[in-house]
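In: just a sequence and a predicted model for now, questions to come.
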Amino acid sequence: MPLIAPSILSADFARLADQVRAAEAAGADWIHVDVMDGRFVPNITMGFVVVEALRPVTRLPLDVHLMIVEPERYVERFVAAGADVVTVHVEATAHVHRTLQLIRSAGARAGLAVNPATPLDWFEDVLGELDLALLMSVNPGFGGQRFIPRSLERLERLAALRDRVNPEARIEVDGGVGPGNAAELVRRGADVLVAGSAVFGGDGTVAENLSALRDAAQ
Ligand code: DX5
Ligand code: ZN
């Protein structure tokens, strides 16, 4: 059974706490928080204050996805704000190994993300240092984009690498995930499914959308 991590990027920000509570009540496993700086990606979203504000709202792990340049400058502050998992992009940090160690020494689980055009070879030498490998299946920056089909084949290769180098590491897929592709993603090795628009922007309530995704994924 995969973990499901609703991304609050597609939530109603005027009712953020309610939306997170609804996701928790409906059986979400993690809450995915997309931090964007307007430089690494062409969009600006949220930062420490939102993580801090959400911390007392939910018991679920806060899965913080940093789409920011030089994330090493902010890792400790996100952990202090309440992040349980901190994921940085390989394209955004010069000393990947050091940044992953910094996340762990700050007390969070360490994740590393790759964009759709980034070679998976990056993972070979650092998989032992991380808890989560995040495969972007859209170009980061916005919710509601179409899943890039080539990601399926990349996922399979990443899963094989993970099995060989660090079977403890989880693979998370982010972007364009919904009931239509969840089963295929799980079959190819995904352990954590991030879903923004499919959970908060779907036709039904958060509970209905989440259970449709859960049913489709198993
Ligand atoms: C995209 C973000 C995603 C986004 C996914 O840059 O990293 O987490 O919220 O949204 P959907 O599920 O709508 O593709
Ligand atoms: Zn994300």
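Out: Received, thanks. Ligands and ions are numbered 1, 2, ... in the order given.

In: what's the neighbour count on residue 166?
Out: 17 (other Cβ atoms under 10 Å). Glycine gets a C-beta too; all of them are placed from N, C-alpha and C.

In: quick one, what contacts it?
Out: Taking Cβ atoms under 8 Å, 6 or more residues apart in numbering, we find residue 166 in contact with 127, 128, 130.

In: same check, this time on residue 126
Out: Contacts for residue 126 (Cβ under 8 Å, 6+ apart) come out as 96, 97, 100, 112.

In: before we move on, what about residue 150?
Out: residue 116.

In: now the buried members of the contacts of residue 126.
Out: Burial by neighbour count, judged by 16 or more other Cβ atoms under 10 Å, picks out 96, 100, 112 from the contacts of residue 126.

In: between the residues you listed, which sits nearest residue 60?
Out: residue 112 (21.6 Å; Cβ to Cβ).

In: surely residue 4 touches residue 193?
Out: Yes - with contact defined as Cβ atoms under 8 Å, residue 4 and residue 193 form a contacting pair (5.4 Å).

In: more crowded one of the two?
Out: Per other Cβ under 10 Å, whichever of residue 4 and residue 193 has more neighbours is residue 193, with 27 against 24.

In: which residues does the least confident helix or strand in the chain by mean pLDDT contact?
Out: Of all helical and strand segments in the chain, the minimum by mean pLDDT, DSSP states H and E falls on helix 121-124, at a mean of 94. Contact with helix 121-124 is made by 90, 96, 112, 114, 133, 158, 161, 162, 165, as judged by Cβ under 8 Å, 6+ apart.

In: which PyMOL command selects the buried ones in those residues?
Out: Buried residues within the contacts of helix 121-124, by 16+ other Cβ under 10 Å, are selected in PyMOL with:
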select buried, resi 90+96+112+114+133+158+161+162
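
In: out of the contacts of helix 121-124, who's nearest residue 146?
Out: Nearest to residue 146 among those, with distances taken as Cβ to Cβ, is residue 114, at 18.5 Å.

In: ramachandran angles for that closest one?
Out: phi -130, psi 140 (degrees, to the nearest 10).

In: tell me the bridge partners for it.
Out: residue 135 (DSSP bridges).

In: can you give me the helices for the protein?
Out: Under the criterion DSSP state H, helices of the chain are mapped to 16-25, 48-54, 75-81, 96-106, 121-124, 151-165, 182-187, 197-200, 206-217.

In: pick out the shakiest of these, pLDDT-wise.
Out: When the helices of the chain are compared on average pLDDT, helix 121-124 comes out lowest at a mean of 94.

In: appreciated, that's everything.
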